[in-house]
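S.K.: Sequence and predicted model, in that order:
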Amino acid sequence: MLKDYLTVAQDALITQKELYYVKEQRLALALDEYVRLNDAYKEKSSSHTSLFSSCSSSTKYDPDILKAEISTTRLRVRMLNLRVAGKHVEPIVCPFRYFLTRH
């Protein structure tokens, strides 16, 4: 019986390690995305060209869109940091804001 308990406990520990590794990978990807978006925003805001130039048809680098994406990514990084730290976090979505709750 003790051997069975130890086997189950070892399997649970292996599963927890795998979950932690996946959470760390997700956090690293989110941090990379945050840095990329932040760099794109800094590059766009320091550019000497007009932000409202009609020669650019793409809104991918629109400063307002970049700011919104940076904010969303920052929130995701924060949530993933809490999850890696072992705190369960669920976002509560409101029309204009995100609130975090801890369980």
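M.R.: Right, received. Where do you want to start?
S.K.: Show me the helices in this structure, by range?
M.R.: 2-45, 63-84 (DSSP state H).
S.K.: got TSV for those, with mean neighbour count too?
M.R.: The C-beta positions use only the backbone N, C-alpha and C, and glycine is treated the same way. Formatted as TSV, these follow (neighbours: other C-beta atoms under 10 Å):
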stretch	mean neighbour count
helix 2-45	12
helix 63-84	15
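S.K.: Format the ones you listed as a markdown table; extra columns: mean pLDDT.
M.R.: Below are these laid out as a markdown table (pLDDT from 0 to 100):
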| stretch | mean pLDDT |
| --- | --- |
| helix 2-45 | 90 |
| helix 63-84 | 88 |
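S.K.: was I right about L66 contacting E43?
M.R.: No: if you go by C-beta atoms under 8 Å, L66 and E43 don't touch, sitting 9.8 Å apart.
S.K.: export stretch 31-39 as PDB, just CAs?
M.R.: The C-alpha atoms that make up stretch 31-39 are tabulated as PDB, following Å, rounded to 0.1, in the frame of the first residue of the first chain:
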ATOM      1  CA  LEU A  31       7.700  38.200 -22.400                       C
ATOM      2  CA  ASP A  32       9.200  38.000 -25.900                       C
ATOM      3  CA  GLU A  33       5.900  39.300 -27.400                       C
ATOM      4  CA  TYR A  34       5.800  42.100 -24.900                       C
ATOM      5  CA  VAL A  35       9.400  43.100 -25.700                       C
ATOM      6  CA  ARG A  36       8.700  42.900 -29.500                       C
ATOM      7  CA  LEU A  37       5.600  45.100 -29.300                       C
ATOM      8  CA  ASN A  38       7.200  47.600 -26.900                       C
ATOM      9  CA  ASP A  39      10.200  47.900 -29.300                       C
END
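S.K.: List the contacts of that stretch.
M.R.: L66, E69, I70, T73, R74, V77 (C-beta atoms under 8 Å, 6 or more residues apart in numbering).
S.K.: try 6 Å
M.R.: E69, I70, T73, V77 (C-beta atoms under 6 Å, 6 or more residues apart in numbering).
S.K.: and the first one, how far is that from Y5?
M.R.: According to C-beta to C-beta, to the nearest Å, E69 stands 48 Å off from Y5.
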